[in-house]
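Asks: Got a predicted structure plus its sequence, pasted below:
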Amino acid sequence: MNVKELLLKLPEAIDLDQGAPNAVIQFETSEPVYHVVESGAVQAHEGQAPTPDVAIKISDDNLDKLLRGELNPMTAMFTGKLRVKGNVALAQRLIGMIDRSKLEAARAQVLADENA
């Protein structure tokens, strides 16, 4: 699974709740990606954000497990598989806004693209 491509598609699977704050979330994986939450929308960008509100450092494999629901975020933090710098509550809130069925559709698209 190409985690970078999945992170680039992840905004399609996020249903922002009312009042979601503007924020920049950096994913520190093998190929960094960051999301910008602004005006009720999420946009994904490759690379490093200049000033993220929260940075999530995790291996590609563990991020894939986390997004599939096979790795509990709190367990991952306590075991060192996931490190969060900055606004931890914001990271938890945004993870809770991921629509699992939309995420699986995005995952299927990434896998189809890899096999094409």
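Replies: Yep, that arrived. Computed from a predicted structure; not experimentally measured.
Asks: pLDDT below threshold where in this structure?
Replies: Applying pLDDT under 70 to the chain flags residues 1.
Asks: ranges for the strands of it?
Replies: Taking DSSP state E to define them, one finds strands in the chain at 23-28, 33-38, 41-46, 54-58, 82-86.
Asks: Mind listing what's buried along the last one?
Replies: I take that to be strand 82-86. Neighbour-count burial for strand 82-86, counted by 16 or more other CB atoms under 10 Å, picks out 82, 84, 86. In this view, the C-beta of every residue, glycine as well, is placed from N, C-alpha and C.
Asks: ok so, going back, want to throw the strands of the chain into TSV with distance to residue 106?
Replies: What follows is those, written out as TSV (distance: least, CB to CB, whole Å):
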stretch	distance to residue 106
strand 23-28	15
strand 33-38	13
strand 41-46	11
strand 54-58	18
strand 82-86	20
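Asks: just so I know, which of those strands lies nearest residue 104?
Replies: strand 41-46 (17.6 Å; CB to CB).
Asks: Give me the sheet partners of that closest one and which way each runs.
Replies: strand 33-38 (antiparallel) (DSSP bridges).
Asks: now the angle from the partner strand to strand 54-58?
Replies: 150 degrees (axes from the mean of the first three to the mean of the last three CA atoms, to 10 degrees).
Asks: Quick one: work out the angle between strand 33-38 and strand 23-28.
Replies: Using the same axes, to 10 degrees: strand 33-38 against strand 23-28 is 170 degrees.
Asks: Export only the CA atoms of strand 33-38, formatted as CSV.
Replies: Only the C-alpha atoms of strand 33-38 are listed here, as CSV (Å, rounded to 0.1, in the frame of the first residue of the first chain):
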residue,chain,number,x,y,z
VAL,A,33,2.2,14.7,3.3
TYR,A,34,0.3,17.5,5.1
HIS,A,35,-3.4,18.4,5.2
VAL,A,36,-4.8,21.9,5.4
VAL,A,37,-8.2,22.2,7.0
GLU,A,38,-9.7,25.6,6.1
